[in-house]
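*Asks:* Sequence below, structure please.
(2 chains)
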Amino acid sequence: MEIHARGLVKAFRGARALDGFDLAVPAGSVHGLLGPNGAGKTTAVRVLTTLLRPDGGTARVAGHDAVSEPAAVKAAIGLLGQHAALDEVLSGRQNLELFGRLHHLGAKEARRRAGELLERFGLAETGSRPVSGYSGGMRRRLDLAVCLIRSPRVLFLDEPTTGLDPRARAEVWESVRSLVGGGATVLLTTQYLEEADRLADRISVVDSGRVIAEGTAGQLKDLLGGDRLDLVVREHGELERAARIVERAVGARPAADADARRLGVPVADRIGALTSVMRALQEEGIGVEDIAVRRPTLDEVFLHLTAAKEES
Amino acid sequence: MTSAAWVVADGWTLTRRALLHWVRQPAQVIVGLLFPVLIVVMFVYILGGGMQVPGEGGYEEFLLPGMFALTMVFGIEGTFTAVASDAAKGVTDRFRTLPMTPGAVLLGRSAADLLNSALGLLVMMGCGLAVGWRWHEGFGRVVVAVALLLWLRFAFLWLGIYLGVRFPSPEAVVVMQILVWPVGFLSNAFASPSGMPGWVAFLAEANPMSATVTVIRDLFGNPGAVDGSWTASYGVWPAVLWPAVITAVFLPLAVRRYQRLGG
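*Replies:* The predicted structure is shown next:
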């Protein structure tokens, strides 16, 4: 295991940010940590990257203990924090050279590597412009380039696309994907389910400082039990009546979203459910604007998991 | 290279980073250097005529040593701002995940800030000579006075680093910019405490900056030293000890805070 955490505990002023956190990530894979704000994702990353000392448990990264061998861990990792950790006054090249020197590359090698990374991340044209004038996406790409100066074995990406517009987000995803091709192990934290779905091989759902579910995106979706039927009624006033008809047709009470005039319900037999619901609605004369059968989204899995935990 | 050599090499890399900032933002450096000059001009030419100076000599002779020390103390703003913005932006965290010793970051910061303050002191002395301030006791004593001023700056450097890692927010920078004023003025830099009400005079005398000001006034042969020669009775010790105490308290605090930042 390239990243291996067992029973991590970390408390801040008595409140447990990590409460028995376990994680095992094999080499060469992308692992997503998914959870709401305050779930403990960033704390876990800070412990694994040697920035925080845990109160209990063990954390091993790239074969070294994060507490007792921080130097060996530091030599093997790269960290992309929540904010672009760059010198805003310097240019992109100067940032890369600065961090290259601090990685002990030597002046000439640092310069060469800076040029190479600027090229690779599409920043070669930025010249001597200070980073303060960069767009959010450019900043994030430069940030990522700085992480890669030493080609780390293990890369930690802490909410890499929070606050970025969709285009910049796509750019960052593209960069992360190309990285993984290079064989690095990546631990990615995110609040965006789509991000985890697209990038991660496996996902751990984190809540209140511990992992409450783990698996591939597909496995997690299966937790909700098969497919879902979604339909949108034409008239707002008919939502309640339609809900009763759907319940009779598929045998389960659908969840209603009144604002969107939408009903959603888990179904076992997709085509059977679709035809029987359509027929019943037609017989009752209820207009349907849209109807579809689909797999559950990670959002639904996530809400289901965190809600189930609150009830228990 | 040995690890000690790496500390120096990394420290120098970070000092160069600060120097690059000067090159890329010259306006900021120039404004920083000229601001104390502006204060001198205002005090000497606008307020100076009405100031009572203990002993002989004009107000500029009394004021300039105070301004030298004030420039050193105000340097804390630059230290604080640099440290706080690195900490707030996550640059400090990035340093801490690099395979380099934390000492290098602090070394780089202190070297850069001392250089900046040495330059500021040079500008202030030039400005002093232009408005009529002189030293009267020979160049050797000037060198000692400059060393004591930089020693004061060194002490406030650690206070600045500590406060910067402790309160890394833009709001704190503003608070700091305001707070340096009462700290700077509640001293013997602009007026002799003998003309202040009792408890104010007590605070002004107790201000660590005042000890340095008194000693360097004596070293330069400028007026203001209480009861004849202060250094005759205490030597330069007050100006050595106060900064030493501040450093002894805040250097370890700053290093400790830096190592467990955010924890």
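
*Asks:* Give the residue spans of the chain that score low on pLDDT.
*Replies:* Answering for chain A, as no chain was given. Residue ranges of chain A with pLDDT under 70: A:224-225, A:308-312.

*Asks:* could you do chain B instead?
*Replies:* Along chain B, segments meeting pLDDT under 70 span B:1, B:225-233, B:261-263.

*Asks:* near chain A, which residues of it show up?
*Replies:* Residues of chain B lying close to chain A by Cβ under 8 Å from any Cβ of the partner chain are B:6, B:10, B:13-14, B:17, B:20-21, B:24-25, B:89-91, B:93-100, B:260-263. Heads up, the C-betas are built off the backbone N, CA and C, glycines and all.

*Asks:* Among these, which lie within helices?
*Replies:* Those of the residues of chain B next to chain A mapping onto helices are B:6, B:10, B:13-14, B:17, B:20-21, B:24, B:89, B:91, B:93-97, per DSSP state H.

*Asks:* If any of the residues of chain B next to chain A are buried, give me the PyMOL selection for them.
*Replies:* Entered in PyMOL, the line below selects the buried ones among the residues of chain B next to chain A, by 16 or more other Cβ atoms under 10 Å in any protein chain shown:
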select buried, chain B and resi 6+10+13+14+17+20+21+24+89+90+91+93+94+95+96+97+98+99+100+261+262
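
*Asks:* Point me to the helix or strand that includes the residue lying closest to A:Asp55 once chain neighbours are set aside.
*Replies:* What sits nearest to A:Asp55 in space, not counting adjacent residues and going by Cβ to Cβ, 6 or more residues apart in numbering or on different chains, is A:Val9, at 4.8 Å. Per DSSP states H and E, A:Val9 falls inside strand A:3-12.

*Asks:* just to revisit the earlier point, doesn't A:Arg53 make contact with the residue nearest to A:Asp55?
*Replies:* No. Using Cβ atoms under 8 Å, A:Val9 makes no contact with A:Arg53, being 11.3 Å away.

*Asks:* outside of the strand holding A:Val9, which residues touch it?
*Replies:* A:16-25, A:31, A:43-44, A:47-48, A:52, A:54-61, A:154, A:185, A:187, A:209 (Cβ atoms under 8 Å, 6 or more residues apart in numbering or on different chains).

*Asks:* Please pick the buried ones from these.
*Replies:* Buried subset of those (neighbour count, 16+ other Cβ under 10 Å): A:16-19, A:21, A:23, A:25, A:31, A:43-44, A:47-48, A:52, A:54, A:57, A:59-61, A:154, A:185, A:187, A:209.

*Asks:* list the contacts for the residue of the stretch 1-150 of chain B found nearest chain A?
*Replies:* Closest contact between the stretch 1-150 of chain B and chain A, by Cβ to the nearest Cβ, is at B:Gly90 (3.6 Å). The neighbours of B:Gly90, taking Cβ under 8 Å, 6+ apart as the test, are A:81-85.

*Asks:* If we use 7 Å, what do you get?
*Replies:* Shown in contact with B:Gly90 (Cβ atoms under 7 Å, 6 or more residues apart in numbering or on different chains): A:81, A:83, A:85.

*Asks:* Dihedrals phi and psi, the first one?
*Replies:* Backbone torsions of A:Gly81, given as degrees, to the nearest 10, read phi -80, psi -180.

*Asks:* Find the nearest non-adjacent residue to it, please.
*Replies:* A:Gly81's closest residue in space is B:Gly90 (Cβ to Cβ, 6+ apart), at 4.3 Å.

*Asks:* hey, where'd the helices end up in the stretch 1-150 of chain B?
*Replies:* B:3-24, B:26-42, B:59-89, B:91-97, B:102-131, B:139-166 (DSSP state H, counting those that start in this stretch).

*Asks:* for those, which one ends up most surrounded?
*Replies:* With neighbours defined as mean count of other Cβ atoms under 10 Å in any protein chain shown, the helices of the stretch 1-150 of chain B peak in mean count at helix B:59-89, which reaches a mean of 24.

*Asks:* and the stretch 51-200 of chain A, which residues reach chain B?
*Replies:* Neighbours of chain B within the stretch 51-200 of chain A, by Cβ under 7 Å from any Cβ of the partner chain: A:51-53, A:71, A:74-75, A:77, A:79, A:81, A:83, A:85, A:87, A:89-90, A:94, A:98, A:101-103, A:130.

*Asks:* which among these end up buried?
*Replies:* Neighbour counting with 16+ other Cβ under 10 Å marks A:51-52, A:74-75, A:77, A:79, A:81, A:83, A:85, A:87, A:89-90, A:94, A:98, A:101-103, A:130 as buried within those.

*Asks:* out of the helices of the stretch 1-150 of chain B, which comes closest to A:Leu179?
*Replies:* helix B:91-97 (17.2 Å; Cβ to Cβ).

*Asks:* contact partners of the closest one?
*Replies:* A:49-51, A:74, A:77, A:79, A:81, A:85, A:87, B:86, B:102, B:105, B:261.

*Asks:* Out of these, which comes closest to A:Ala170?
*Replies:* A:Ala170 lies nearest to A:Gly81 out of those, by Cβ to Cβ, at 20.9 Å.

*Asks:* residues contacting the closest one?
*Replies:* A:158, B:90, B:93.

*Asks:* Dump those residues into a markdown table; add distance to A:Gly35 as well.
*Replies:* Converted to a markdown table, those look like this (distance: Cβ to Cβ, whole Å):
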| residue | distance to A:Gly35 |
| --- | --- |
| A:Asp158 | 12 |
| B:Gly90 | 20 |
| B:Asp93 | 20 |
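
*Asks:* now, which of these sits nearest A:Asp222?
*Replies:* Distances from A:Asp222 to the contacts of A:Gly81, taken by Cβ to Cβ, are shortest for A:Asp158, at 28.2 Å.

*Asks:* That closest one: neighbour count?
*Replies:* The burial count assigned to A:Asp158 is 23, neighbours taken as other Cβ atoms under 10 Å in any protein chain shown.

*Asks:* wouldn't it be in contact with A:Ala84 here?
*Replies:* No. With contact defined as Cβ atoms under 7 Å, A:Asp158 does not count as touching A:Ala84 (11.6 Å).

*Asks:* one step back: now, which of the residues of the stretch 51-200 of chain A next to chain B lie within helices?
*Replies:* A:71, A:74-75, A:94, A:98, A:101-102.
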